[in-house]
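S.K.: Turn this into a structure:
(5 chains, ligands or ions: 4)
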Amino acid sequence: AELRMAWWGGESRHVATQKAIAACGEKYGHTVKGEFTGFDGYLEKLTTQMAGKTEADIVQVNWPWLPLFSKNGDGFADLRTLQAIDLSNWSEADLAAGSMNGVLQGLSVSTTGRVFFFNATTFEKAGVPIPKTWEEFFATTATIKEKLGKDYYTFNAVKETAQLLTTLAVVQKTGKDLVDPETNRVAWTPEELAEGISFLGKLVETGAIRSQKEEAADGNVNLFEKPSWAEGKVAGSYEWDSTYSKYADPLKDGQVLTPVPMLKLADAVTDGVYRKPSMVFSISKNSKDPAAAAQIVNCLLNEPEGIDALGTSRGLPASKAAATRLGEKGEPEVRAANAIVLAAGGPTVSPFNEHPEIRAAFIDTLEEYAYGQLDAKEAAEQIIDTVNDVLAKFD
Amino acid sequence: MTEFQALNDRVAARRARVRLISTAVRYVLLFSVGFVMLYPLIWLVGASFKTNSEIFSGAGFMPANPTADGYVKGWQTSTPYTFGRFFWNSFLIILPKVIGTAISCTMAAYAFARFDFPLKKILFGSVIAILLLPNVVTRIPQYILFRDLGWLDTFLPLWVPSAFAGDAFFVFMLVQFLRSLPADMEEAARVDGANSLQTLVYIVVPMLAPALISVCLFQFMWTMNDFLGPLIYLSSVDKYPVSLALKLSIDTTEAFEWNRILAMSVLTITPALVVFFAAQRYFIEGISSGGVKG
Amino acid sequence: MKGHRLLGLGYLAPYIIGLLIFTAIPFIGSFYLSFTSYDLMSEPRWTGVANYERLFTRDRTFIKSLNVTLLYVFITVPLKLAFALFIAAILNHRLKFIGLFRTAFYVPSILGGSIAIAVLWRYVFASQGLANMALSTLGIAPVDWFGDPVNALFTITLLRCWQFGSAMVIFLAALQSIDKSLYEAAAIDGAGKVRTFFWITLPLLTPVIFFNLIMQMVQAFQEFNGPYIITQGGPLKATYLLPLYIYDEAFKKFNMGYASSIAWVLFAIITVLTLVAFWSSKKWVYYAGDKRS
Amino acid sequence: MAKVQLKNLEKVYGNAFKAVHGINLDIEDGEFMVFVGPSGCAKSTTLRMVAGLEEISGGEVVIGDQRVNDLPPGKRSIAMVFQNYALYPHMKVRGNLAFGLKIAGKPKAEIDAAIAHVAKILEIEPLLDRLPKQLSGGQAQRVALGRALIKKPGVFLFDEPLSNLDAKLRASMRVRITDLHRQLKAEGLSSTVIYVTHDQTEAMTMGDRICVMQAGHIMQVAAPKELYNRPANLFVAGFIGSPEMNLVDAELVDGHLSIGTQRLPLGSNLQARLSARPAEAVLGMRPQHLSLATDGPAFTAKLTNAEFMGHEVYLHADLEGRKLVSVVGAAEFEALGRSDLIRLRPDPRKLHVFDKTDGRNVSL
Amino acid sequence: MAKVQLKNLEKVYGNAFKAVHGINLDIEDGEFMVFVGPSGCAKSTTLRMVAGLEEISGGEVVIGDQRVNDLPPGKRSIAMVFQNYALYPHMKVRGNLAFGLKIAGKPKAEIDAAIAHVAKILEIEPLLDRLPKQLSGGQAQRVALGRALIKKPGVFLFDEPLSNLDAKLRASMRVRITDLHRQLKAEGLSSTVIYVTHDQTEAMTMGDRICVMQAGHIMQVAAPKELYNRPANLFVAGFIGSPEMNLVDAELVDGHLSIGTQRLPLGSNLQARLSARPAEAVLGMRPQHLSLATDGPAFTAKLTNAEFMGHEVYLHADLEGRKLVSVVGAAEFEALGRSDLIRLRPDPRKLHVFDKTDGRNVSL
Ligand SMILES: Nc1ncnc2c1ncn2[C@@H]1O[C@H](COP(=O)(O)OP(=O)(O)OP(=O)(O)O)[C@@H](O)[C@H]1O
Ligand SMILES: Nc1ncnc2c1ncn2[C@@H]1O[C@H](COP(=O)(O)OP(=O)(O)OP(=O)(O)O)[C@@H](O)[C@H]1O
Ligand SMILES: [Mg+2]
Ligand SMILES: [Mg+2]
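M.R.: Ligands and ions are numbered 1, 2, ... in the order given. Below is the predicted model of the structure:
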């Protein structure tokens, strides 16, 4: 059959994926045409295509978009009905994460999560060890600022990183994800959230991170583009495990970036890891030949031809078959970071954490908090109200 | 007499000095504004020869270790095609679009400026209305329209509307320009036996040339830069124009190589700049006279 | 001469066909959508004026965004026009390299959309960027260009003013077409440079000022790229212009119906302001008036 | 045969303004007809209806034997020369000349021959490869003339072709055009001309006949001499002749002429010549017919201004509030000496009397 | 006192083009001085140096007793009327008149009074609330005049103020301006006028004195009559007078005048009048002094064209390839009957002889 597959990505992913679809296409006698672009505009294009029912047969979907495209589990083909896919390669958790309303809508390609990266060189220079708990962290921060200078920061948190840090703090305290799957409402009390927000505030007060305003003043430049990061003056961040190289590469003069397990609060009940499928493959419900598409998807994720060609271009694969086959391939630090993510504990993360409106509610409110327009309590209430409103639409 | 001469000389000298100062002030101002205007372009070209880490080390434009890496790698692209292919696609989109725009907008402008017909006011009103409407919202209905026409993944949606004088701005501009031209030559042509079409082709179009050139230039540059249109309507990579190809390697969640992007940006704007510099005289004449007659 | 009327329609045929098919249908379509709830995935659901009601009664973001937009337009347009006029006035002297300058000043308008420009722009206005470096050499304290909500909008405005080329070119052409003898008459009447500018030049430029005003206003109301690329609407939504809001609603939040209603409100505002401008122009625009043969 | 006939020709503009009020005029083949009249009297409108550039609202235009109301301009066998030349700015002179023939699909050789011929007649050979903007006014005018000539039309239409030229050039182009017309006629070519101008000198010197128009009406059609000597009405009398005819309220009683309080016996019996006896009369005297009287009866007037014209002097005088102009020889004026008062005597044989109510000349 | 003196006045344009070559001219207080000359002869440049609109490259301009080289135009006590009126198009007539006074900071009452006064003189009261575009040419010209008058300047400068008007209006404005000048003078106001025109009729009729210029040099400065009757050189002779003086190569031998192969005895001894004996002579005969001869000796020429001017006829004739123009009375021409050949006799007392090499009039 003639199939189309759409994805976003960078250079290496494009090359790998084209190879993979060629190989899998040949294997099953299908021709698969790749439609790919950068991340910018991909959502808009997919949205338009979904509205026009003209999306590709196989679509790479960002996991948080699932509720947008398939609120009731009917946006894409039901993958469980497609024989060709060997679902045994995924854990129940992965399958659950790819389901909407109980219908399997997307197959997790890889699992990703946030980990802490610290610039070991900077810590060494200040003669302090890399912290393991938040308490140590604050102490270390004080030492570094004292020894190396006020313009040294130990951490970085802007935009969604700020949201996820707040989330981390709350989850560690409460052991609950933002959304209660039972009620489909915010699981946290305003007080709990307020405490998380205050934690963020404390990071600023102690000089661990730069204030939101200072970040904005620099034009909200990406961390890896900042000269201060490259020079080690920002010594740590909380990032996706798969992005290790992006942050490690710009570092100058042989500085070393190390992935570190979750820092924990003294009274933490869990690691609070934010772990999720990084992206999923879905099959269009408008596909003329879903069976053929399923064959290709299975080939890409579970069969040697696909696995070999794709390699780690989408992170370390979630499929067991692929994980086994790839073995120790891939950068060791990325593997280490991924291992940390997989090992850490925490509640199941709901895709609503990254729902655009919910994310906007967090970022906007945290910004107001950072600019001193709200106190932590008010901010917490505002976030919870807004989030609940959004969630209500999905009842 | 000599006293005379001396006086004259003194006065002339003072006047020359004042003039010199005033001129100097003007030039300093103009040069500094000009520098600010052009700096981005200079920076862009300079940065495209920098290494990735150097790009972010400051706003200077001189590369410390010049490298053409960005160009070499960028040209290869991550696809089976080189950048040349994408230029060719851009060309395939731009050529019919520019030609279609020029022809259809000229016809529309000719009708509005030189003929009387029923509903003229309303139709001209529609030109203005299109000008005012934010285009974000018509995108989805338009997409569905083209889907129903079966034009997705072809170049048609990109240039057919333009070929039907869909770019209200150009129609408006040409109408303004044409209104400022006397109709005598056209009457002379009619007396010479030319019908209205011949008059349009042989007389009006040549006189409209400056405005038409700027229309073509604008259309050229806008189309070259247009990203959303091709993104939405084209799915096959082998049909991508350069604007889209430029974004191929930009995945904001993964690392990306800036110098390659900047290098390709330079290549992307080069045609527009070349065309602009080549035709700037007509271009400026065109837009200015199109605008003067409010 | 009869049939002339139909001939005109004949030449307009492509436009009319295009208008009916490619413009009118989506136009009406979006108007319809503005009365529906439409998430793109399921069929639009008719909700009457609910969208509009929500806009004007409950949507704080809309009000904020509307305010920002109006502020932006009312700052950008005069500033850009004034700057364009200022440069045009300087160029309007027998100087060498006029063509060169004119061309150089136009270049930003061409570069416009390039992402590289956005990147550079961030560097220029970063807290330790070029702009602040330049200010500090002049002994002026550094400015928080992006971090401060008020400044951020202004910085976006600067970006737009930087693209003053086409307005300037139009001004320049108009300036050059002013009859020199009017200046001479004023000189003989004893008017100095300043008074000549304000009493003679400026009134004579009102038609192009008006033209530029309308054009720039329409453009400013539809500004998207600047805030989208550089500030993403922040900080504190200080640069969250309506088109950005519409875009977010439509393609990030999938509220196409709601987005349509905002767009139509924006359309209405632009139209009303344009009409007001036209109406008021009778009072302040001096029309040369065609000397009919 | 290129007679032109206007029959009850009317023009109503879109704004319901009636510019031409049913004109009737026959122009003979080969005739040089001049339309003259003040600005806005619809000369151009009429001409443009003949050309086919303006829709005809009523009546008809006949060229040769054909009713042309519905023919496009290109089919009417006419050529037109415009006031501002209307040369195609993007074509060389050669291209301008060739355009009409090219449109008509003439072979290249024929076109070239025609261009060579016309260029020779008009002495524009050296200009053939220039663009219009590289031409002086007079040259451009000749090229415009060439563009008309080359088509060998039945009728030439001119709309104030000389009014953009300066006085000297105008005088020489005037002669050139009439010469050309004579030459065409001599060659037996169709050469009817309709020539629009607001300059009475051009009208007088160029036209075989002159059609004087006012506000969309024809006031008089006649040969120049006739117009000058026997103007049919006040309007024509005032319009034709330079300086303008003196027109004053006057009384004619018992062989005497009274202006204001002054009374003058007329040698001839002017009254006898009158075809009617108007309740109020306006007296017309051409400045040339109002001479300085050294002796005998005369009007006494105050000299207000004397314009020295070389051979002649224009005397501006004030006769009890009425302004009069008299043209006298320079020598004669010289002889007068410095004086504030002058004595003026009209030539009774050259006086015109008009009925003030309808303007009709009752002394023809 | 508003004498104007130009002393060694020079103008070199930026492109090193020398437009004015050291002019010396004294203009008396109250004098009406006309600058006349062909296009490009630097009339405007000179005037504009007086006005202060053009930088003075050398020499000086004195107005009254003050050297004004370095004064801005507004301070020179001058007013100027421009060819295209240069009315401020965005101001009503009233505003146009008031502008200069407002700039000078005059109180409103005074300005209003001045406007009323000037408007009355120029009969523009009903126009005060119109915009310039609502004015006809003549009205606009009067407003421009008013704008100059209202300032009560020492010197009025006019740069071809009438050349945009049609013939009739020009004639009447001509008179109006000279009347106005006389009136100002009578009121004892400063009223020196420098008036630039390229129209010799205007120059002749308006000027107290005329300064004929060519290519940045003064050719002759004299009263109109002097200029007409005794042109100092070929240039002035050809420029002044309408129609132009006939200038032909001729030989004067033994009291006989030869043109081409024809030879004519002169009654008077023209030769005796000559101040020099040029190697090559150019003969000048005004058309008015070349009359139709019914009998006696005369030149025979071919009549090529006759322009009927009402009272007179301009005869264009060809004398062995030389074009001659003669002005004759209409009646005289009538009497001639249809004929191709005419006999022309110059008036020997009015003949001018020029030295072809330097153009000097040797017959003065
Ligand atoms: N397109 C038009 N619409 C309405 N009225 C018009 C139009 N064209 C001309 N007129 C009017 O018709 C009348 C005659 O105009 P026309 O141009 O024929 O005059 P004209 O005799 O040629 O004058 P001029 O000597 O100024 O050229 C004028 O009153 C004019 O205002
Ligand atoms: N700004 C200038 N730069 C260079 N040359 C000039 C300039 N202005 C005028 N000239 C030249 O100086 C000479 C005199 O010009 P000017 O305008 O004084 O002539 P004019 O006698 O007024 O002619 P016209 O009758 O056409 O108005 C001309 O040869 C003209 O080309
Ligand atoms: Mg006309
Ligand atoms: Mg001049």
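S.K.: all contacts plus neighbour counts: C-alpha atoms, from now on.
M.R.: OK.
S.K.: closest point of chain C to ligand 2, which residue?
M.R.: Residue of chain C nearest ligand 2, by CA to the nearest ligand atom: C:R94 (10.6 Å).
S.K.: how close does that residue get to chain A?
M.R.: 41 Å (CA to the nearest CA, to the nearest Å).
S.K.: and that residue, helix, strand or coil?
M.R.: Recorded secondary structure, C:R94: coil (DSSP: H, G, I helix; E, B strand; the rest coil).
S.K.: can you pull the contacts of the nearest residue to C:F164 once chain neighbours are set aside?
M.R.: Of all residues not flanking C:F164 in the chain, C:A84 sits nearest, at 5.6 Å (CA to CA, 6 or more residues apart in numbering or on different chains). Residues in contact with C:A84 (CA atoms under 8 Å, 6 or more residues apart in numbering or on different chains) are C:F164, C:G165, C:A167, C:M168, C:F171.
S.K.: CA atoms only for the helix or strand that contains the last one, dumped as PDB, please.
M.R.: In this structure, C:F171 sits in helix C:165-176 according to DSSP states H and E. What follows is helix C:165-176, C-alpha atoms only, in PDB (Å, rounded to 0.1, in the frame of the first residue of the first chain):
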ATOM      1  CA  GLY C 165      11.400  51.800   5.000                       C
ATOM      2  CA  SER C 166       8.200  51.800   3.000                       C
ATOM      3  CA  ALA C 167       6.600  54.600   4.900                       C
ATOM      4  CA  MET C 168       9.700  56.600   4.500                       C
ATOM      5  CA  VAL C 169       9.900  56.000   0.800                       C
ATOM      6  CA  ILE C 170       6.400  57.200   0.400                       C
ATOM      7  CA  PHE C 171       7.100  60.300   2.500                       C
ATOM      8  CA  LEU C 172      10.200  61.000   0.600                       C
ATOM      9  CA  ALA C 173       8.400  60.900  -2.700                       C
ATOM     10  CA  ALA C 174       5.700  63.200  -1.400                       C
ATOM     11  CA  LEU C 175       8.300  65.600   0.000                       C
ATOM     12  CA  GLN C 176      10.000  65.700  -3.300                       C
END
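S.K.: Show the average pLDDT along stretch D:298-317.
M.R.: What stretch D:298-317 shows for mean pLDDT is 92.
S.K.: Off-centre distance for that stretch?
M.R.: Computed by CA atoms, centre = their mean, to the nearest Å, the chain-centroid distance of stretch D:298-317 equals 26 Å.
S.K.: need the residues of the stretch 51-200 of chain B near chain D, please.
M.R.: Along the stretch 51-200 of chain B, the residues adjacent to chain D under the rule CA under 8 Å from any CA of the partner chain are B:D184, B:M185, B:E187, B:A188, B:A189, B:R190, B:V191, B:D192, B:G193, B:A194, B:N195.
S.K.: Strands - which of those residues land there?
M.R.: Taking DSSP state E, every one of those sits outside strands.
S.K.: how about those residues in CSV, adding neighbour count and pLDDT?
M.R.: Formatted as CSV, these follow (neighbours: other CA atoms under 10 Å in any protein chain shown; pLDDT from 0 to 100):
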residue, neighbour count, pLDDT
B:D184, 16, 89
B:M185, 21, 91
B:E187, 22, 92
B:A188, 28, 92
B:A189, 27, 93
B:R190, 22, 91
B:V191, 25, 91
B:D192, 28, 90
B:G193, 25, 90
B:A194, 26, 91
B:N195, 17, 90
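S.K.: Closest one of these to E:I194?
M.R.: Among those, B:D184 lies closest to E:I194 (CA to CA), at 38.8 Å.
S.K.: The closest one contacts D:Q83, doesn't it?
M.R.: No - using CA atoms under 8 Å, B:D184 is not in contact with D:Q83; the gap is 9.4 Å.
S.K.: Show me the strands in the chain, by range?
M.R.: No chain was given, so I picked chain A. Using DSSP E, the strands of chain A run over A:2-8, A:31-37, A:58-62, A:99-100, A:103-104, A:107-119, A:179-180, A:185-186, A:236-240, A:257-260, A:275-283.
S.K.: meant chain C actually
M.R.: Residue ranges of the strands in chain C, as given by DSSP E, are C:36-37, C:45-46.
S.K.: how near is D:M91 to chain E?
M.R.: Between D:M91 and chain E the distance is 28 Å, computed by CA to the nearest CA.
S.K.: give the contact list for that residue.
M.R.: Listed by CA under 8 Å, 6+ apart, the contact partners of D:M91 are D:L131, D:P132.
S.K.: again, but for the one 3 residues further on
M.R.: Taking CA under 8 Å, 6+ apart as the contact definition, D:R94 lies against D:I115, D:L128, D:D129.
S.K.: my guess is the second one meets D:K92, correct?
M.R.: What it means is D:L128. Yes - counting by CA under 8 Å, D:L128 touches D:K92, with 6.8 Å between them.
S.K.: What count of nearby residues applies to the residue nearest to A:A336 when sequence neighbours are not counted?
M.R.: Nearest residue to A:A336, sequence neighbours excluded (CA to CA, 6+ apart): A:P259, at 7.2 Å. Other residues near A:P259 come to 24 when the count uses other CA atoms under 10 Å in any protein chain shown.
S.K.: what bridges to A:P259?
M.R.: With DSSP bridges applied, A:P259 shows beta-bridge pairing to A:F117.
S.K.: how about it, what does it touch?
M.R.: By CA under 8 Å, 6+ apart, the residues touching A:P259 are A:V115, A:F116, A:F117, A:F118, A:E333, A:A336, A:A337.
S.K.: and the second one, how many neighbours?
M.R.: Other residues lying near A:F116 total 20 when counted by other CA under 10 Å.
S.K.: Same check on D:A317?
M.R.: Per other CA under 10 Å, the neighbour tally for D:A317 reads 24.
S.K.: and it, which of the three is it?
M.R.: Per three-state DSSP, D:A317 ends up strand.
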